[in-house]
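[1] Using only what follows, build the 3D model:
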Amino acid sequence: MTAVTAAPPARTARPRHLAGTGSLLRLALRRDRMMIPAWVLALGLTVAATGSSFEAVYDTAAERAGLAASMNNNSSMRALYGPVFSDSLGGLVAWRMAGFGAVLAAVMSLLIVVRHTREEEETGRQELLSAAMVGRRAPLTAALLTALTANALLAVLIVGAAALSGRPAAGSLALGLAIGGTGALFAGLAAIAAQLTESARLAKGLTGAVLGLAFALRAAGDAATADASSPLTWLSPIGWSENLRPYAGERWWTLLLSLAATALAVSAAYALTARRDLGMSFLPARPGPAVAPRSLSGPFGLAWRLQRTTLLGWTSGFLGAGALFGGIAKGASDLVGGNQQTREIVERMGGQQGLTDAFLATMTGLLGMVASLYAAGAVLRLRGEETGERAEPVLAGAVGRLRWAGSHLAVAYGGTVVILAFGGLTLGLAYGVSVDDVGGQLGPVLTAALSQVPAVWTLTGLAVLVFGLFPKATAAVWALVGGCLAVGWIGPALKLPAWAMNLSPYSHLPKLPGADATAAPFVWLLALSALFALVGLVGVRRRDIG
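    Residues are numbered from 1 along each chain as shown. The predicted structure follows:
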């Protein structure tokens with residue numbers, strides 16, 4: 001009898017940790033086919049428009065040199081924008097956009113990475129995808145590649161737009177890499193936050209807090225020194241962006257800091273994702289009390305609980321911004337100097353009254369435009385509750401759709417008033433202290449800040465309308481808000497026609513403080529806001545949830 005020898009057991013193949021990365025990347029790019037182009041085009045065109053505005057306003061070397069000197073001699077302006085390293089047109093664009101653009105690129109990156117990592121796990125979609133041929137590290141890799149693609153496109157657009165404008169190629173490349181490199185770094189930091197926290201909201205908040213700290217360090221360092229040499233500036237990734245010094249004798253070696261920090265952050269994110277289970281986190285939520293407080297017995301209490309941290313963060317930011325703007329308002333005349341075109345731009349943004357009042361009106365208008373970002377996010381939290389399947393359990397009880405939606409809208413509308421009130425309060429206090437007239441300045445400035453509420457509520461109502469009638473198109477809300485921001489902030493410098501300026505609700509408000517005010521624009525904007533919200537709520541009541 002012939003002996004039969006058993007075959008040796010087959011060797012287990014090594015797990016393919018990156019299997020399916022290409023498919024997930026294509027899926028992520030398809031899902032972000034609207035968001036990424038909107039961000040990239042908005043940032044890239046803003047850089048191009050900034051260059052055009054400087055070229056139109058400061059058309060002589062003497063005027064540009066005067067602007068650079070006045071900015072560098074003002075510590076508050078250095079804290080806001082950073083120092084000016086070159087008085088060329090390219091140098092002024094880098095001064096205005098290297099830090100500001102880096103912050104916006106970081107926001108874009110953290111939204112992309114968190115959306116395709118922690119948010120996918122939170123909603124349960126990642127568990128379904130992982131049941132197929134998907135490696136353990138494929139989702140994180142696809143998310144990072146998506147963010148890197150967006151930042152690469154942004155850098156290419158900035159370099160191309162600057163080069164086509166006739167600016168030196170080396171400086172254009174440095175500016176694009178400075179902004180795109182900061183975005184790539186915060187993509188890695190967002191990936192770490194997605195491993196540490198248990199929800200997308202916490203991951204965004206943690207990364208946003210790091211970004212806020214980076215901006216604060218850069219601002220403090222630049223306020224202390226006029227050449228960005230402070231150790232505080234070098235502790236901030238945004239400080240690295242400005243210290244690359246585009247168009248001012250580029251310091252290419254500072255890119256090594258961004259590359260090393262990005263590589264370290266990405267490596268840490270991969271190490272963390274290999275040591276946790278799907279859906280778990282390293283910072284789990286603490287167990288709540290056995291009995292819920294009475295405040296959670298209704299939909300408004302739940303909405304307040306879900307949105308109170310965001311409102312607190314925005315309020316803190318407006319407190320700081322108001323104090324900063326109020327501190328530099330006294331020197332508005334020195335900031336503008338003798339440049340008549342700059343004076344005209346400030347007056348177009350803030351009214352024809354005295355230059356200081358026009359500057360204050362410009363700052364309160366800026367607070368109002370930024371407040372619309374908070375309002376839009378608060379409204380779109382309804383869509384997040386809906387798509388996350390958290391709205392259905394609430395609506396399954398004795399809670400109607402209008403009551404559920406109205407609870408979140410109450411936070412959105414009321415929160416707008418709160419953050420503008422605190423921003424106007426610190427703006428008026430800081431300016432009043434600087435001119436030794438707190439009692440005479442606080443009231444008018446606070447009133448000017450609150451006068452922005454009808455315009456913000458108009459955009460809030462428009463967000464409700466889109467959510468109610470076109471829920472799958474809620475991403476368009478950010479484009480609408482961003483368009484109003486661009487019209488209000490860049491339009492006066494570009495001398496846009498009246499019909500284009502009138503597309504923004506902010507253009508219809510009186511320029512307070514200092515200008516004459518009538519009730520008509522406030523009434524019309526409030527009526528338009530109410531109409532938008534009413535139509536949106538009718539849509540919520542009639543359409544399917546989810």
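
[2] Below-threshold pLDDT in the stretch 201-350 of the chain: ranges please.
    Along the stretch 201-350 of the chain, the model assigns pLDDT under 70 to residues 279, 281, 285-288, 330-350.

[3] Please disregard the earlier target; I meant the stretch 351-500 of the chain.
    Low-confidence segments of the stretch 351-500 of the chain (pLDDT under 70): 351-355, 489-496.

[4] is it true that Gly368 touches Trp457?
    No. Taking contacts as C-beta atoms under 8 Å, Gly368 lies outside contact range of Trp457: 10.5 Å. (C-beta placed from N, C-alpha, C; glycine too.)

[5] how far does the helix or strand Gly384 falls within sit from the chain's center?
    Assigned by DSSP states H and E, Gly384 falls within helix 355-387. Taking C-alpha atoms, centre = their mean, to the nearest Å, one finds helix 355-387 lying 11 Å from the centre of the chain it belongs to.

[6] And stretch 514-530, by the same measure?
    Averaging C-alpha positions (C-alpha atoms, centre = their mean) puts stretch 514-530 28 Å from its chain's average.

[7] Name the residues of it that are buried.
    Applying a neighbour-count criterion of 16 or more other C-beta atoms under 10 Å, the buried positions in stretch 514-530 are 514-515, 517, 521-522, 525-526, 528-529.

[8] any chance you could map the strands in the stretch 401-546 of the chain?
    Using DSSP state E, counting those that start in this stretch, the stretch 401-546 of the chain contains no strands.

[9] Let me see the mean pLDDT of whichever strand or helix holds Met71.
    Secondary structure from DSSP H and E places Met71 in helix 61-72. Mean pLDDT, computed over helix 61-72, is 80.

[10] Could you do stretch 112-131 as well?
    Stretch 112-131 shows an average pLDDT of 82 in the prediction.

[11] how long is it end to end?
    23 Å (C-alpha to C-alpha, to the nearest Å).

[12] Not counting its own residues, what contacts that stretch?
    20, 24, 28, 31-32, 35-36, 139-140, 142-144, 146-147, 150, 187, 190-191, 193-194, 197-200, 203-204, 207, 278-279, 387-389 (C-beta atoms under 8 Å, 6 or more residues apart in numbering).

[13] Could you do stretch 216-223 as well?
    Contacts for stretch 216-223 (C-beta under 8 Å, 6+ apart): 75-76, 78-80, 82-83, 99, 228, 230-236, 238-239, 242.

[14] circling back to that earlier point, now the helix holding Gly384: buried residues?
    Buried residues in helix 355-387, counted by 16+ other C-beta under 10 Å: 356-387.

[15] so is Ile36 in a helix, a strand, or just coil?
    helix (DSSP: H, G, I helix; E, B strand; the rest coil).

[16] how near is it to Gly171?
    According to C-beta to C-beta, to the nearest Å, Ile36 stands 26 Å off from Gly171.

[17] Tell me how many other residues crowd the nearest residue to Ala448 once chain neighbours are set aside.
    Distances taken as C-beta to C-beta, 6 or more residues apart in numbering put Leu512 closest to Ala448, at 3.8 Å, once the chain neighbours are dropped. Other residues within reach of Leu512, judged by other C-beta atoms under 10 Å, total 24.

[18] Report pLDDT for Leu512.
    Per-residue confidence (pLDDT) for Leu512: 81.

[19] isn't Gly44 right next to Ile158, touching?
    Yes. Here Gly44 lies in contact with Ile158, judged by C-beta under 8 Å, at a distance of 5.5 Å.

[20] which of Ile36 and Gly171 has more neighbours?
    Neighbour count, other C-beta under 10 Å: between Ile36 and Gly171, Gly171 has more, with 25 against 21.

[21] So that one is in contact with Trp252, correct?
    No. Between Gly171 and Trp252 there is no contact under C-beta under 8 Å: 11.5 Å.

[22] any idea where the helices of the stretch 1-150 of the chain begin and end?
    For the stretch 1-150 of the chain, applying DSSP state H, counting those that start in this stretch gives helices covering 21-31, 35-57, 61-72, 75-81, 89-115, 118-123, 125-130, 138-164.

[23] Could you export those helices as CSV, including distance to Ala220?
    CSV is the format used below for those (distance: least, C-beta to C-beta, whole Å):
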stretch, distance to Ala220
helix 21-31, 37
helix 35-57, 25
helix 61-72, 17
helix 75-81, 7
helix 89-115, 13
helix 118-123, 31
helix 125-130, 39
helix 138-164, 26
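
[24] who's in contact with the residue nearest to Ala448?
    361, 364, 444, 447-448, 451.

[25] if I look at it, how far off is Pro444?
    Distance, Leu512 to Pro444, using C-beta to C-beta: 7 Å.

[26] ok, now Ala430?
    Using C-beta to C-beta, Ala430 is found at 14 Å from Pro444.

[27] Equivalent analysis for Pro246, please.
    In this view, Pro246 and Pro444 are 40 Å apart by C-beta to C-beta.

[28] between these two, which one's more packed in?
    Of the pair Pro246 and Pro444, Pro246 is the one with more neighbours under other C-beta under 10 Å, namely 32 against 18.

[29] Are any of the contacts of stretch 216-223 buried, and if so which?
    76, 78-80, 82-83, 99, 228, 230, 232-234, 236, 238-239, 242.

[30] Ile419: which of the residues you listed is nearest?
    Distance to Ile419 across the buried ones among the contacts of stretch 216-223 (C-beta to C-beta) is lowest for Leu80, with 19.1 Å.

[31] For that closest one, which non-adjacent residue is spatially closest?
    Spatial nearest neighbour of Leu80, chain neighbours left out: Leu324 (6.5 Å); criterion: C-beta to C-beta, 6+ apart.

[32] what's the distance between the closest residue to Leu380 other than its chain neighbours and Leu382?
    Leaving aside its sequence neighbours, Leu380 sits nearest to Thr474 (C-beta to C-beta, 6+ apart; 5.5 Å). When distance is defined by C-beta to C-beta, Thr474 is 9 Å away from Leu382.

[33] Now list whatever residues contact both of these two.
    Common neighbours of Thr474 and Leu382, counting by C-beta under 8 Å, 6+ apart, are Phe467.

[34] Identify the residues contacting the closest residue to Leu526 other than its chain neighbours.
    Spatial nearest neighbour of Leu526, chain neighbours left out: Pro454 (5.1 Å); criterion: C-beta to C-beta, 6+ apart. Neighbouring residues of Pro454 by C-beta under 8 Å, 6+ apart: 505, 509, 521-522, 525-526, 529.

[35] Throw the residues you listed into JSON lines and include distance to Ala132 and pLDDT, thanks.
    Below are those laid out as JSON lines (distance: C-beta to C-beta, whole Å; pLDDT from 0 to 100):
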{"residue": "Pro505", "distance to Ala132": "47", "pLDDT": "89"}
{"residue": "Leu509", "distance to Ala132": "53", "pLDDT": "86"}
{"residue": "Pro521", "distance to Ala132": "56", "pLDDT": "89"}
{"residue": "Phe522", "distance to Ala132": "56", "pLDDT": "92"}
{"residue": "Leu525", "distance to Ala132": "51", "pLDDT": "93"}
{"residue": "Leu526", "distance to Ala132": "52", "pLDDT": "94"}
{"residue": "Ser529", "distance to Ala132": "46", "pLDDT": "93"}
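
[36] Helices - which of these land there?
    521-522, 525-526, 529 (DSSP state H).

[37] Name all residues that make contact with Gly82.
    Shown in contact with Gly82 (C-beta under 8 Å, 6+ apart): 95, 98-99, 218, 222, 228, 242.

[38] How about Asp516?
    The neighbourhood of Asp516, defined by C-beta under 8 Å, 6+ apart, consists of Pro510.

[39] With Leu104 as the reference, measure out to it.
    Distance of Asp516 to Leu104, computed by C-beta to C-beta: 36 Å.

[40] Repeat that for Ala226.
    Noted for Ala226: a distance of 25 Å to Leu104, by C-beta to C-beta.

[41] Leu157 now?
    According to C-beta to C-beta, Leu157 and Leu104 sit 13 Å apart.

[42] hey, what's in contact with both of those two?
    Among the neighbours of Leu157, those also in contact with Leu104 (C-beta under 8 Å, 6+ apart) are Leu43.

[43] From Arg167, how far out is the nearest residue to Val93 once chain neighbours are set aside?
    Excluding the flanking residues, the one nearest Val93 by C-beta to C-beta, 6+ apart is Gly51, at 4.7 Å. Note on Gly51: its distance to Arg167, by C-beta to C-beta, is 7 Å.
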